[in-house]
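**Q** following is a predicted model, sequence given first.
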Amino acid sequence: MRNALSPTRLLFLSAVLATALVGCASPVRAADDAPPAAAPFPYAEAEISDLQARMAAGELDSGTLTRAYLERVAALDREGPRLRAVIELNPNALKEAAQRDEERRRGHLRGPLHGIPVLLKDNINALPMSTTAGSLALAGFRPGDAFLVTRLRAAGAVILGKSNLSEWANYRGLGSTSGWSARGGQTRNPYRLSHSPCGSSSGSAVAVAANLVTVSVGTETDGSIVCPAAVNGVVGLKPTVGLVSRDGIIPISFSQDTAGPIARTVSDAAAVLTAIAGRDAADPATAAMPGRAVYDYTARLNPNGLRGARIGVMDNPLSQRPGIGALMQHAVETLRRAGATVVTVPAPDESGWSDAEQIVLRHEFKAGMERYLRQWKAPWRTLPQLVAFNEKHTAQELPLFGQELLVASAHAGSLGDPVYIQARSQARRMAGEQGIDVLLRAYQLDALVAPTTGTAWPINSPGGDAFPGGNYSAAAVAGYPSLSVPMGHVDGLPVGLLFVGTAWAEPRLIELAYAYEQRTMARRPPPL
């Protein structure tokens with residue numbers, strides 16, 4: 001079904017695209033006479049397979065779908081609840097959609113993502129948009145496409161725009177506020193606007209949850225995909241480090257960084273992962289990828305995937321919280337009814353790697369950031385220059401919290417520092433080989449599960465996040481995969497169930513999570 005667009009609305013959308021909808025402290029406002037978005041939204045909760053079927057039947061085209069999302073962004077992200085999930089729109093989005101439609105008419109389909117709009121976290125290079133990590137220091141910086149963006153375009157995706165994030169992917173200062181950036185303002189949780197969206201892939205998760213886009217891509221160093229996915233009621237898949245190239249992504253840590261999909265369903269996450277995974281000579285970590293360089297993860301969407309599986313439920317404080325404990329009991333019952341054997345296991349001891357991780361991040365952030373700035377010819381080339389920029393623009397950049405992490409990293413030693421080398425070895429070993437892998441072997445498990453994190457907390461600027469804790473750090477530090485799936489709600493706020501496996505276990509995790517999802521269907525759209 002096509003949306004009828006008035007001349008007023010068409011003019012409005014053209015103006016929106018021309019200004020790229022940069023969301024700052026004073027967000028772009030719609031024209032006074034601009035009509036609200038149509039209700040109900042005709043593509044709400046639509047999966048990729050459903051959209052493709054409608055396109056194949058001639059009931060829908062990419063141009064119509066893309067235009068509908070642009071209208072919804074205008075109505076909900078800049079007006080109405082002002083979610084501030086989108087930091088910039090692609091001025092070529094409608095042109096890209098028209099090209100995909102023309103290819104479809106000629107019988108040329110690039111794959112399951114053909115004509116599907118995708119949002120990218122604003123630390124991922126994608127022309128013609130800026131890449132800023134939410135910082136005013138990189139305003140107007142337009143480097144060439146990241147490797148994963150090249151793959152998305154080759155797969156037929158339409159790049160709708162960039163999503164807001166915790167500035168510098170939440171590696172700037174202590175007492176930070178998740179989802180806030182100087183460039184994009186404060187991203188808001190669509191389930192309760194006064195509450196946190198978690199971070200740092202805040203906008204990527206909120207946009208998908210609020211049906212502003214079909215799917216998105218976020219990045220994670222430690223929780224930045226799965227935490228916002230969990231508290232915004234969507235699916236977040238953090239791949240094994242090396243499965244997706246980091247070339248063209250503003251870095252924190254080459255030991256832990258990865259991009260990954262955020263979607264409303266496991267099947268959509270699997271389709272995006274299929275498109276973006278692959279070897280890249282520019283990222284040596286991808287050389288470690290086993291087997292075929294291209295793998296169809298949607299082939300593992302098995303509704304009976306839990307039959308005969310062994311699942312370890314990690315003992316952790318979050319499971320003792322009122323509401324979350326009841327959801328976990330129901331999740332365990334669901335896993336058992338689906339044919340899995342479920343046993344309780346201890347959680348990996350975070351004290352074995354937490355201090356070492358901080359040493360690793362400080363050293364790798366400095367080395368990786370300065371390499372990125374040089375490689376892509378950014379306006380600044382060193383961390384001290386970024387620190388100085390923030391000090392010069394305190395009112396815009398530092399009104400809520402400081403930049404202690406940037407300063408500490410600027411003074412970090414080289415990657416040849418014995419302290420760093422020892423810390424990196426200890427962190428990966430204690431979280432991976434002597435953490436997750438020990439549990440999987442000792443209990444003969446296919447995967448570990450636990451609540452991803454608690455429910456969203458009130459946004460408390462300038463006090464920072466009242467973070468409830470999480471169960472994803474072991475996988476993040478080890479470089480192993482984790483996958484968060486909606487588990488239910490507590491007091492109207494979403495809670496996620498996290499599946500964790502060993503390195504390169506994405507096919508099995510997708511199989512397990514999909515089977516769980518199909519039995520629960522726990523996702524509920526936000527009350528927008």
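**A** All right, it came through fine.

**Q** which residues in this protein form strands?
**A** Counting by DSSP state E, the chain has strands at residues 86-89, 117-121, 158-163, 180-181, 185-186, 215-220, 235-238, 258-263, 310-315, 341-346, 447-451, 482-490, 493-500.

**Q** so residue 349 makes contact with residue 435?
**A** Yes. Assessed by Cβ atoms under 8 Å, residue 349 is found in contact with residue 435 at 7.3 Å. For glycine as for every other residue, the C-beta is placed from the backbone atoms N, C-alpha and C.

**Q** out of those two, which sits in the busier spot?
**A** Between residue 349 and residue 435, residue 435 has the larger neighbour count (other Cβ atoms under 10 Å), namely 24 against 13.

**Q** please report how far the more buried one lies from residue 313.
**A** Here the criterion is Cβ to Cβ, to the nearest Å. By it, residue 435 lies 16 Å from residue 313.

**Q** between the strands of the chain, which gets nearest to residue 370?
**A** Using Cβ to Cβ as the measure, strand 215-220 is the one of the strands of the chain that comes nearest residue 370, at 18.5 Å.

**Q** other SSEs contacting that closest one?
**A** The contact analysis (3 or more Cβ pairs under 8 Å, 6 or more residues apart in numbering; DSSP states H and E) places strand 215-220 against strand 117-121, helix 202-209, helix 226-231, strand 258-263, helix 266-276.

**Q** which strands and helices sit next to the first one?
**A** Using 3+ Cβ pairs under 8 Å, 6+ apart as the contact definition, the elements that strand 117-121 packs against are helix 62-72, strand 158-163, helix 202-209, strand 215-220.

**Q** now it: mean pLDDT?
**A** Taken as a whole, strand 117-121 has an average pLDDT of 99.

**Q** that strand pairs with which strands, and in what direction?
**A** Pairing partners of strand 117-121, with direction, according to DSSP bridges: strand 158-163 (parallel), strand 215-220 (parallel).

**Q** quick one: mean pLDDT for the last one?
**A** The predicted model gives strand 215-220 an average pLDDT of 99.

**Q** cool, and the first one?
**A** Here strand 158-163 scores 98 as its mean pLDDT.

**Q** need the CA coordinates for that strand. CSV is fine.
**A** Output in CSV follows, covering the C-alpha atoms of strand 158-163 (Å, rounded to 0.1, in the frame of the first residue of the first chain):
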residue,chain,number,x,y,z
VAL,A,158,19.3,1.6,1.2
ILE,A,159,21.3,3.7,3.7
LEU,A,160,18.6,5.8,5.4
GLY,A,161,21.0,7.8,7.6
LYS,A,162,23.0,7.9,10.8
SER,A,163,21.9,7.2,14.3
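
**Q** make JSON lines from the strands of the chain and add distance to residue 273 and mean neighbour count to it.
**A** Rendered in JSON lines, the data for these read as follows (distance: least, Cβ to Cβ, whole Å; neighbours: other Cβ atoms under 10 Å):
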{"stretch": "strand 86-89", "distance to residue 273": "23", "mean neighbour count": "28"}
{"stretch": "strand 117-121", "distance to residue 273": "13", "mean neighbour count": "30"}
{"stretch": "strand 158-163", "distance to residue 273": "17", "mean neighbour count": "29"}
{"stretch": "strand 180-181", "distance to residue 273": "26", "mean neighbour count": "29"}
{"stretch": "strand 185-186", "distance to residue 273": "29", "mean neighbour count": "21"}
{"stretch": "strand 215-220", "distance to residue 273": "10", "mean neighbour count": "30"}
{"stretch": "strand 235-238", "distance to residue 273": "6", "mean neighbour count": "32"}
{"stretch": "strand 258-263", "distance to residue 273": "5", "mean neighbour count": "30"}
{"stretch": "strand 310-315", "distance to residue 273": "22", "mean neighbour count": "19"}
{"stretch": "strand 341-346", "distance to residue 273": "26", "mean neighbour count": "15"}
{"stretch": "strand 447-451", "distance to residue 273": "17", "mean neighbour count": "26"}
{"stretch": "strand 482-490", "distance to residue 273": "10", "mean neighbour count": "27"}
{"stretch": "strand 493-500", "distance to residue 273": "14", "mean neighbour count": "28"}
